[in-house]
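Trainee: how would this look folded up:
(2 chains)
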Amino acid sequence: MIAQVAFPTPALDIEPILPELALIGFAIVGLLYEAFSRRSEPIVHLVVGLLGVAASGVTALRLWGWDGPSTVLGGAISTDRFGVLARILILSAAALGLLLGHQYFRRSGDEPRGEFTPLLLFATSGMTMIVSAADLIVVFLALEILSLSLYVLTGLTGRRAANEAAMKYFLLGAFSSAFFLYGIAMAYGATGTTKIAALATSLTGGGERALALLALGLLAVGFGFKVSAAPFHMWTPDVYEGAPTAVTAYMSAATKIAAFAALIRVLDVAFQALAWDWGPVIWGLAAISVVLGSVLAIAQTNVKRMLAYSSIAHAGFILTGLTAPGAVGIRAALFYLVAYSAMTLGAFGTVMLVSSRGEDRERLDDYAGLGRTDPVAAGLMTLFLLSLAGIPPTAGFIAKVNVFSAAIGAGYWGLALVGVLASVAAAFFYLRVIVLMYMQEPADEPVPDRPVGLAGPVLALAAVATVALGVFPGLIVEVIREASVLTW
Amino acid sequence: MVRDAAVNKLLTLTTFIPTIGAVMVLVGGRGLKDDAARWLALGVSLVTFVISLIVLGRFDPDLQRFQLVEQARWVESVGLTYTVGVDGISIWLLLLTTFLFPVSILASWTVVSDVRRFMAAMLFLETAVIGTFVALDLLLFFLFFEALLVPMYLLIGGWGGRRRVYAAVKFFLFTMAGSAFLLVAILFLYSRTGGAGFRYDAMLQAASSLPVVTARWLFLAFFVAFAVKVPLVPLHTWLPDAHTEAPTAGSVLLAGVLLKVGTYGLVRFNLMFFPEASRYFTTFVSVLAVIGIVYGAVNALVQSDVKRLVAYSSVSHLGFVVLGLFALTQQSVTGGILQMVNHGLATGALFLLVGMVYERTHTRELDRMGGLAAVMPWLMGAFLFTAFASAGLPGLNGFVGEFLVIVGTFAVSHWFGALAATAVVLAAIYLLWSYERIAHGPVREEHRMLPDLSLREAIVLAPVLALLLVFGVAPRLVTGGIEPAARAVIQRVGPTGHISDVAARDDNSIGVGPIASVP
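Mentor: Coordinates of the predicted model:
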């Protein structure tokens, strides 16, 4: 007689993954439309994409009041508000990215790409999944979904630079994924589980310390790559420069949110027992990132490359906040992510506007005299740059105060000092663009036509957010506070 | 207290009316004619001045505490509040600011390019400067402190002289580098308040209970930020460039009020927060100040560019202020604070005059002027008058402040007092010598037909020169308000004062009680 073995079947709580399902569903609709329509209309793609994002957003918002179990689907997906907020942020960035992308491909010189919208939705689904993943395996899965989509998006235009960037991104990304996977294996070796909650319990009780530390190190490499923290930043400038500007804008905001949210979950939940060990690691990553990012940006002559290095520095600032374990650090990081998303989307959006077609006119010299030839674009750029530099009364200032305050509260005032000094160096290259725009004469070329189209509302929204979060940060502070408690 | 809370929105009005004006100027867009923008800016700054006079009227100089305090919650998660108020120190700097802005705007009638943006930058700058003087929340102070860089940077870089971009960037980076330390120090102090926020009283409390060594380090962090701003040698190198390249209004405001932000920070934060460290570092700071006094004066002597000359004289005069503050006697501190106001007026007037001369001769080189007294007697007369005031001639405003500083310093150290006194002599030399080179000697051919003061210029100069005289004859007008504030500083930091004494009297002598009691 063979004893009847009862396999435990996980209860199917589908609601917490509806946001992802919605995105994937609409992405497939988009693909089918592209495949079977005789002449695909970009506007249809845009509408399908926005509907997908909206559907995902609505289903995500419903989870804010979730009172079911803290994890569903056999402990794979977490249902906490942290995940909800991160999803909403990512989806906002995706919506703005879709609008920018529509405008990007509508300008002369580029064929419309039907794959753009579905790919962006797939990438977004990976991102929204990673922020709510409660199991390292799911984290890895989501990481691959978002990465693979992003590799293709990067090379979408098929230009030389884009292809090179995509290839580089793919190779380095695959390499870092390997590190990440190996880290998961080590974590499993140390504790016998890949569930984030179980990892936390197991490590609190002791566990295999050496293996756990090794796992932590390997995971840190993987995450360091995704958030583009130095010294794992090598891909960032090339990819940001080579990718279509609309994709860069989307990527710089959404990927950062997703990767940081996952990093927070892993550090502050799974490895919270080892906070004393990862504190210094984060310290080091943060310090190297802010210094390298700020210093190398000075040498750049291409705006997108400069902003790429600045994004490395900003990853460092967010890490600075995360040196404070627990809710304080999470709050600081979340606020920074919101603020940074607004300003980076705005900055890259403005770059797209100025370049008028394809990837031309992205040298710094092209910005000479912009204040005279295109006062609105110059004004927007100034606002976003000042915010990136952390000058009040913009969102960037409050964000910086938050992370430095968190770091100092945790006793890392040295790191805060490094960060603040680096932001002085950073101010130099942000200022240089402002100098070019306002204090130099425009070149004698004719001013190109700059159709604004759907980039207009995107930039307006980013600008309003940049100012509003600087003057009334209280608008989102409560939400962030609610979302900064991770359940497991 | 309830009446206070209900009636007093005066400081907020003073601070933000210029912002409203700036937004109006910008929103007006192309529809707004240049002249309309000028008049609008002038009108707004005059209204601001009138309101600040009402503030003065409401201010009781005998009370040793912050008055007209307004408080509102702002960003609770960060601990940032909107708390403003004035005491006997800041009220004068506030008035100096609101006074110099309309003067500078009227003096900028000759700016012809991008008038709207120029005026908007001026008005934004006014808000930021006033904000730094009235803020009673350290993060709020820092916010204004950083925010004022942007309009000033745009003013220098957009409307300055030949090397304006270099000067503007240098100004920005120097100040920002200094304030980096300030931000970290403020946040560090905040981490010691136990979440009580960035309010002045909470921070003061936290600073009072710091270990001695920590307090000294924090003192240095605050000090670097303000020393760049003052500027003290060797952190002064941005100043001659910025002053020389800035448009006239920029120079006037830079010398008149922006440098005072540095000295104001030294009194308000360094001395009050870290009394032990202040005493510990008093020699170090005094040496820097004396070096600045002498170095600035000697440099002024050898300049051939008249704007650079005035800039170096600023370094020297600001050295006086710092020396007075850190001699830590009642007289010297009073003198130092008074000298802030005096320097703002006198050097502001000098820059106005130099600007007017430049607009006529199109040169700043002393060697290429001469004999102008014959061509424009009124303008040169005003120049001589201002030079006397700046050099500290008795009967004019500079004398009282310098005298108090020197006497007060002498009581502490003969050496510092004596060295400071030599600078008074040097100041007389370089100022009168420059006057001589501009006004006397043969008239150059191309200058023979230059006009004298216009009506607008006379209106610009008259109130400033009048104040130079009034404050010289009746210094009590100002010192009456300053003395109680200076006494509070001395009680806190003076050689005999103990921290515990002051902490026990917190409610009255430091004057932070009222803040705490407003719900």
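Trainee: show me where chain B has strands.
Mentor: Along chain B, the segments classed as strands by DSSP state E run B:67-75, B:80-86.
Trainee: Now mean neighbour count too, for those strands, in TSV please.
Mentor: The C-beta positions use only the backbone N, C-alpha and C, and glycine is treated the same way. Converted to TSV, the strands of chain B look like this (neighbours: other Cβ atoms under 10 Å in any protein chain shown):
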stretch	mean neighbour count
strand B:67-75	19
strand B:80-86	24
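Trainee: Mind checking those strands for the one nearest to chain A?
Mentor: Of all these, it is strand B:67-75 that lies closest to chain A, at 5.1 Å by Cβ to the nearest Cβ.
Trainee: So in the chain, which helix runs the longest?
Mentor: Let's take chain A. Counting by DSSP state H, the longest helix found in chain A is helix A:160-191.
Trainee: Actually, chain B is the one I wanted.
Mentor: From DSSP H, the single longest helix across chain B is helix B:330-361.
Trainee: List the buried residues for that helix?
Mentor: B:330-358, B:360-361 (16 or more other Cβ atoms under 10 Å in any protein chain shown).
Trainee: show me the contacts for the closest residue to B:Asp305 other than its chain neighbours.
Mentor: Spatially, and ignoring its direct neighbours in sequence, B:Asp305 is nearest to B:Arg364 (4.9 Å; Cβ to Cβ, 6 or more residues apart in numbering or on different chains). By Cβ atoms under 8 Å, 6 or more residues apart in numbering or on different chains, the contact list for B:Arg364 reads B:244, B:305-308, B:354, B:358.
Trainee: Could you find the two of these that are most distant from each other?
Mentor: Within the contacts of B:Arg364, B:Arg308 and B:Tyr358 form the most distant pair, 12.4 Å apart (Cβ to Cβ).
Trainee: Count residues in the vicinity of B:Arg448, would you?
Mentor: The local packing of B:Arg448 (other Cβ atoms under 10 Å in any protein chain shown) involves 10 other residues.
Trainee: how far away is it from B:Thr363?
Mentor: 15 Å (Cβ to Cβ, to the nearest Å).
Trainee: With A:Met352 instead?
Mentor: Distance from A:Met352 to B:Thr363, by Cβ to Cβ: 47 Å.
Trainee: got it, and B:Trp92?
Mentor: On the measure of Cβ to Cβ, B:Trp92 and B:Thr363 end up 36 Å apart.
Trainee: try B:Pro234
Mentor: B:Pro234 is 30 Å from B:Thr363, by Cβ to Cβ.
Trainee: Give me every residue in chain A that's in contact range of chain B.
Mentor: Residues of chain A found near chain B (Cβ under 8 Å from any Cβ of the partner chain) are A:331, A:386, A:391-393, A:397-398, A:401-402, A:404-405, A:408-409, A:413, A:416-417, A:420-421, A:423-424, A:427-428, A:431-432, A:435, A:438-440, A:473-474, A:477, A:480-481.
Trainee: tell me the contacts of the residue nearest to B:Trp92 when sequence neighbours are not counted?
Mentor: In space, B:Trp92 comes closest to B:Val341 once its chain neighbours are excluded; the distance is 5.1 Å by Cβ to Cβ, 6+ apart. For B:Val341, the contacting residues are B:92-93, B:96, B:401, B:471, B:478, by Cβ under 8 Å, 6+ apart.
Trainee: For the residue in the stretch 51-200 of chain A that chain B sits nearest to, pull up the helix or strand it's in.
Mentor: Going by Cβ to the nearest Cβ, chain B is nearest to A:Leu85 of the stretch 51-200 of chain A, at 14.8 Å. Element membership of A:Leu85 [criterion: DSSP states H and E] is helix A:81-106.
Trainee: Point out where the stretch 301-450 of chain A drops to low pLDDT.
Mentor: A:358-359 (pLDDT under 70).
Trainee: quick one: the strands in chain A?
Mentor: Under DSSP E, chain A gives strands at A:71-72, A:77-78.
Trainee: Just the mean pLDDT for the last one, thanks.
Mentor: Averaged over strand A:77-78, pLDDT sits at 90.
Trainee: if we can go back for a sec, more crowded one of A:Met352 and B:Thr363?
Mentor: More neighbours surround A:Met352 than the other of A:Met352 and B:Thr363, with 26 against 16 (other Cβ under 10 Å).
Trainee: ok, back up a step: from the contacts of B:Val341, which is closest to chain A?
Mentor: B:Leu93 (20.4 Å).
Trainee: residues in contact with the closest residue to the closest one other than its chain neighbours?
Mentor: Of all residues not flanking B:Leu93 in the chain, B:Phe133 sits nearest, at 4.8 Å (Cβ to Cβ, 6+ apart). Neighbouring residues of B:Phe133 by Cβ under 8 Å, 6+ apart: B:86, B:90, B:93-94, B:97, B:261, B:264.
Trainee: Determine which two of those are furthest apart.
Mentor: Maximum distance among those (Cβ to Cβ): 15.0 Å, for B:Val86 and B:Val261.
Trainee: what's the distance between the residue lying closest to A:Ser176 once chain neighbours are set aside and A:Trp235?
Mentor: In space, and not counting its chain neighbours, A:Ser176 is closest to A:Phe225: 3.6 Å by Cβ to Cβ, 6+ apart. For A:Phe225, the distance to A:Trp235 equals 8 Å [Cβ to Cβ].
Trainee: Show me what residue of the stretch 251-400 of chain A gets nearest to chain B.
Mentor: A:Pro392 (4.2 Å).
Trainee: looking at it, that residue is touching B:Glu146, isn't it?
Mentor: Yes - between A:Pro392 and B:Glu146 there is a contact under Cβ atoms under 8 Å: 5.3 Å.
Trainee: Between those two, point out the one with more neighbours.
Mentor: Per other Cβ under 10 Å, whichever of A:Pro392 and B:Glu146 has more neighbours is A:Pro392, with 26 against 22.
Trainee: Only whichever of the residues of chain A next to chain B are buried, select them in ChimeraX.
Mentor: Selection of buried members from these for ChimeraX, criterion 16+ other Cβ under 10 Å:
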select /A:331,386,391,392,393,397,398,401,402,404,405,408,409,413,416,417,420,421,423,424,427,428,431,432,435,438,439,440,473,477,480
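Trainee: Lowest average confidence across the strands of chain B, which one?
Mentor: Minimum mean pLDDT among those: strand B:67-75, a mean of 84.
Trainee: Return the distance of that one from the chain's centre.
Mentor: In terms of Cα atoms, centre = their mean, to the nearest Å, the centre of strand B:67-75 is set 24 Å apart from its chain centre.
Trainee: Can you spell out which helices and strands pack onto that strand?
Mentor: In terms of contacts (3 or more Cβ pairs under 8 Å, 6 or more residues apart in numbering or on different chains; DSSP states H and E), strand B:67-75 is packed against helix A:474-483, helix B:2-7, helix B:10-28, helix B:34-58, strand B:80-86, helix B:513-517.
Trainee: for these, which one sits closest to A:Ala455?
Mentor: helix B:10-28 (22.5 Å).
Trainee: confidence score at residue 127?
Mentor: Since you didn't name a chain, this refers to chain A. 96.
Trainee: should've been chain B
Mentor: B:Thr127 is given a pLDDT of 94.
Trainee: Also B:Val443?
Mentor: So, for B:Val443, pLDDT stands at 83.
Trainee: thinking again about what came up before, for the residue of the stretch 51-200 of chain A closest to chain B, the count of nearby residues, please.
Mentor: Other residues near A:Leu85 come to 24 when the count uses other Cβ under 10 Å.
Trainee: likewise the one 10 residues further on?
Mentor: Neighbour count for A:Ala95, taken as other Cβ under 10 Å: 21.
Trainee: With that, I have no additional questions.
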